[in-house]
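Q: Below are the sequence and a predicted model; questions follow.
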Amino acid sequence: MVRETLNKVKPYLGMISLQFGYAGMFIISLVSLNKGMNHYVLAVYRHVVATIVILPFALLFERKTRPKLTLPIFLRIVALGFLEPVLDQNLYYLGLKYTSASFTSAVVNVLPAITFIMALIFRLESVNLKKIYSVAKVIGTIITVSGALVMTLYRGPIIDFLHRREHIHHETNSESSNHQHHLAGTLMLLGSVTGWSGFFVLQSFTLKKYPAELSLTALVCLMGVVEGTVVTLIMERDMSVWKIGFDSRLIAAVYSGVVCSGLAYYVQGLVIKEKGPVFVTAFSPLCMIITCALGAIILAEKVHLGSIIGAIFIVMGLYTVVWGKSKEGPNIRTAASLTNIEKNGDNLELPIKNDTKSVLVVSSNVNGAHGGAEEVKIPAQCT
């Protein structure tokens, strides 16, 4: 009886624990950036750790099934290595530095909506306004984007949850000088999420031609290291930025690489196999709540009314999109995908629930972060 109960609650415990792990990444990364960690170097070191973690599993489990690496596939991997490890990560860390950990965790929740929009553009999704689940996806996307706009354009008064009146009075005088950085940081975070969405769209096509998920993950991380190193050498001529000691900078690189790329890969894979990606996605807003609480307590971050209103809109939109995806059915194929199959004999749809291997690799490349939806991969979090 106890064992049966434990098996039932394990998926819930796993996902809740993972959200605490992601929230820790937001906090630790912000602390390391504030203490002088270069964001280019942090992105490179993170993927060095991720490559070291994933590569042995790829060599061990896919040594007999790994397909030949052709030039077209290699070029796609190069593009994937730029979209997520370089573009997404660097914009993400800059946005995190210019805003706050709690704000960043809230903005990341617009990922499902932006991924849905990009999937429509590339005809990986279809909308049938006669079906309530399609209407829900459209409405949820609009609500989510509206929440992001509210957080971008409106800050509002500071909400004092912990009653630190003196601290707030002192900080109020510098609000106008920080507004420009806050706006720039928000735009960088939205650019980061857009790059992340593009990564998933391109990954769906690449997996069809190179169905070795662990190997693809390792190669993407490796290319991210190479490309990120080149970008860092161009942008930062001072070689001292590469130096890290036994401090928060080293902890940030190792923690994000192991927990948010290695451990998250394993936990999300197990939960997706049992409960499906919609279950994983449903826990995304929990990370935002945990991060907001930890940020206010540990980092004394200011929480603005605009952030709270925007976060509420984003959560409402996210759950509306996820509800629409769940009602759509796990094995449904879009009209566009069926048309492509008839024309080209090639299935171009995103990985779905029953393809557990495809789901597994999509979960691993998220900055950790962050499960997926069923046709359009929506990570559980973190950039």
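A: Yep, it's here.
Q: Enumerate every residue touching Val150.
A: By C-beta atoms under 8 Å, 6 or more residues apart in numbering, the residues touching Val150 are 306, 309-310, 313. C-beta here means a position set from N, CA and C on the backbone, and glycine is covered the same way.
Q: what does Leu120 give?
A: Applying C-beta under 8 Å, 6+ apart, we find Leu120 in contact with 126-127.
Q: so which helix or strand takes in it?
A: helix 111-121 (DSSP states H and E).
Q: do the same with Ile289
A: Using DSSP H and E, Ile289 falls in helix 284-298.
Q: tell me the angle of that helix relative to helix 111-121?
A: Helix 284-298 runs at 140 degrees relative to helix 111-121, counting by axes from the mean of the first three to the mean of the last three C-alpha atoms, to 10 degrees.
Q: Helix 284-298: which residues count as buried?
A: Across helix 284-298, burial judged by 16 or more other C-beta atoms under 10 Å covers 284-292, 294-296.
Q: Tell me which residues are up against the helix or strand that that helix is followed by.
A: Moving toward the C-terminus from helix 284-298, the next helix or strand (DSSP H and E) is strand 303-304. Residues from elsewhere that reach strand 303-304, judged by C-beta under 8 Å, 6+ apart: 102, 155-159, 161, 292, 296.
Q: can I get these in CSV with secondary structure and distance to Leu60?
A: Converted to CSV, the contacts of strand 303-304 look like this (DSSP: H, G, I helix; E, B strand; the rest coil; distance: C-beta to C-beta, whole Å):
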residue, secondary structure, distance to Leu60
Ser102, helix, 39
Arg155, coil, 50
Gly156, coil, 52
Pro157, coil, 55
Ile158, strand, 52
Ile159, strand, 50
Phe161, coil, 48
Cys292, helix, 40
Ala296, helix, 43
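Q: Now do the nearest residue to Trp242 once chain neighbours are set aside against Lys97, distance only.
A: Counting by C-beta to C-beta, 6 or more residues apart in numbering, the nearest residue to Trp242 once its immediate chain neighbours are dropped is Val41, at 5.8 Å. When C-beta to C-beta, to the nearest Å is applied, the distance between Val41 and Lys97 equals 13 Å.
Q: where does the closest residue to Gly257 other than its chain neighbours land on pLDDT?
A: With C-beta to C-beta, 6+ apart as the criterion, Gly257 has its nearest non-adjacent residue at 2.6 Å, and that residue is Val49. Per-residue pLDDT puts Val49 at 92.
Q: Return the alpha-carbon coordinates of the host helix or strand of Val49 using PDB.
A: Under the criterion of DSSP H and E, Val49 resides in helix 39-61. Taking C-alpha atoms only, helix 39-61 is exported to PDB below (Å, rounded to 0.1, in the frame of the first residue of the first chain):
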ATOM      1  CA  HIS A  39      27.600  36.300 -19.100                       C
ATOM      2  CA  TYR A  40      29.400  35.100 -22.300                       C
ATOM      3  CA  VAL A  41      31.700  33.000 -20.100                       C
ATOM      4  CA  LEU A  42      28.900  31.700 -18.000                       C
ATOM      5  CA  ALA A  43      27.000  30.400 -21.000                       C
ATOM      6  CA  VAL A  44      30.200  28.700 -22.300                       C
ATOM      7  CA  TYR A  45      31.100  27.000 -19.000                       C
ATOM      8  CA  ARG A  46      27.500  25.900 -18.500                       C
ATOM      9  CA  HIS A  47      27.500  24.000 -21.800                       C
ATOM     10  CA  VAL A  48      30.900  22.600 -21.100                       C
ATOM     11  CA  VAL A  49      29.500  21.000 -18.000                       C
ATOM     12  CA  ALA A  50      26.300  19.900 -19.900                       C
ATOM     13  CA  THR A  51      28.500  18.300 -22.600                       C
ATOM     14  CA  ILE A  52      30.500  16.400 -20.000                       C
ATOM     15  CA  VAL A  53      27.300  15.100 -18.400                       C
ATOM     16  CA  ILE A  54      25.500  14.100 -21.500                       C
ATOM     17  CA  LEU A  55      28.300  12.800 -23.800                       C
ATOM     18  CA  PRO A  56      29.000   9.600 -21.900                       C
ATOM     19  CA  PHE A  57      25.300   8.500 -22.100                       C
ATOM     20  CA  ALA A  58      25.300   9.300 -25.800                       C
ATOM     21  CA  LEU A  59      28.400   7.200 -26.400                       C
ATOM     22  CA  LEU A  60      27.100   4.300 -24.300                       C
ATOM     23  CA  PHE A  61      23.400   4.100 -25.300                       C
END
